[in-house]
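A.B. asks: What follows is a predicted structure for the sequence shown.
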Amino acid sequence: MTQDELKQAVAREAIKYVVDGEIVGVGTGSTANFFIDELAKIKDSIKGAVASSEATAERLRGHGIDVFELNQVARMSVYIDGADEITAQGAMIKGGGGALTREKIVASVAEKFICIADASKLVKTLGKFPLPVEVIPMAQSAVARQLMKLNLGPDCEIELRFKDGKPFITDNGCIILDIIGLKIADPVALEAQINQITGVVSVGLFAKQGANVCLLGAPDGVKTMN
Ligand code: 5RP
């Protein structure tokens, strides 16, 4: 099975968690895109969706699914999204697509975070995948200096994310600093430490509120981790 087929398999499985008549929170990325394609097949049984990025909103609308502003929504049963890395305990690195802040906000309103990922995303220790930090542009250098002061390890480097030769700009008009070369021993503590730095909008560590369920796609089937 290809990686895309594994992503499609978990996307199909995630439909079982969507509650009839309700609004579902939808993540960003290639796995979330497969989920949107599956959601389109049952669109008449849901009220609509809240999107975690402009790209997701566009894809949802393209399928004829109503997109609600989060401010219009008081409660949500489930938020369904991919991850760049996930541990067996449900802590994740997210934000490879740069949507980490909106993903965290929408996830915070949902009662359950359902992570959908192919088995290559399961790790023992988070940090091989660069950890994204969304930053207010004027604070780029100040935040980078504060991150270096955290002594995150001998291999740690901080890189400004680029796209098409220019700094990557998020849906919120901010930049991303990627921390590379990490081995994250205590994800909850590191998430709190980075969140405290002035100028940081959010960090792509989802540990304090991790995934409640992870649907992991492997060649021998979809495994459910609770
Ligand atoms: C986007 C994300 C994605 O969920 C993450 O990057 C995984 O992407 P993909 O499903 O394409 O592997 O956090 O900001």
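C.D. replies: It's in. A quick note: this is a predicted structure, and the numbers were derived from the prediction, not measured.
A.B. asks: Need phi/psi at the most centrally placed residue in the chain.
C.D. replies: Taking C-alpha atoms, centre = their mean, the centroid of the chain lies closest to residue 94, which sits 4.1 Å from it. Per-residue torsions, residue 94: phi -130, psi 170 (degrees, to the nearest 10).
A.B. asks: Apart from its chain neighbours, what residue comes closest to it?
C.D. replies: Of all residues not flanking residue 94 in the chain, residue 204 sits nearest, at 4.9 Å (C-beta to C-beta, 6 or more residues apart in numbering). Quick note: C-beta positions are derived from backbone N, CA and C, even for glycine.
A.B. asks: distance of that neighbour from the ligand?
C.D. replies: Counting by C-beta to the nearest ligand atom, to the nearest Å, the gap from residue 204 to the ligand is 7 Å.
A.B. asks: and what of residue 23?
C.D. replies: Residue 23 is 20 Å from the ligand, where distance means C-beta to the nearest ligand atom.
A.B. asks: which residues does that residue bridge with?
C.D. replies: Residue 23 forms beta bridges with residue 48, as assigned by DSSP bridges.
A.B. asks: Give me the neighbour count for it.
C.D. replies: 24 (other C-beta atoms under 10 Å).
A.B. asks: cool, and residue 173?
C.D. replies: Residue 173 has 9 neighbours, counted by other C-beta under 10 Å.
A.B. asks: Show me which residues of the protein sit near the ligand.
C.D. replies: Contact residues, the chain versus the ligand (C-beta under 6 Å from any ligand atom): 27-31, 81-84, 94-100, 103.
A.B. asks: Which residue ranges of this structure form helices?
C.D. replies: Remark: helices assigned in the chain by DSSP state H are 3-14, 30-41, 54-62, 100-109, 140-149, 187-195.
A.B. asks: quick revisit: in contact with the residue nearest to residue 94, which residues?
C.D. replies: 84, 93, 94, 95, 100, 131, 132, 133, 134 (C-beta atoms under 8 Å, 6 or more residues apart in numbering).
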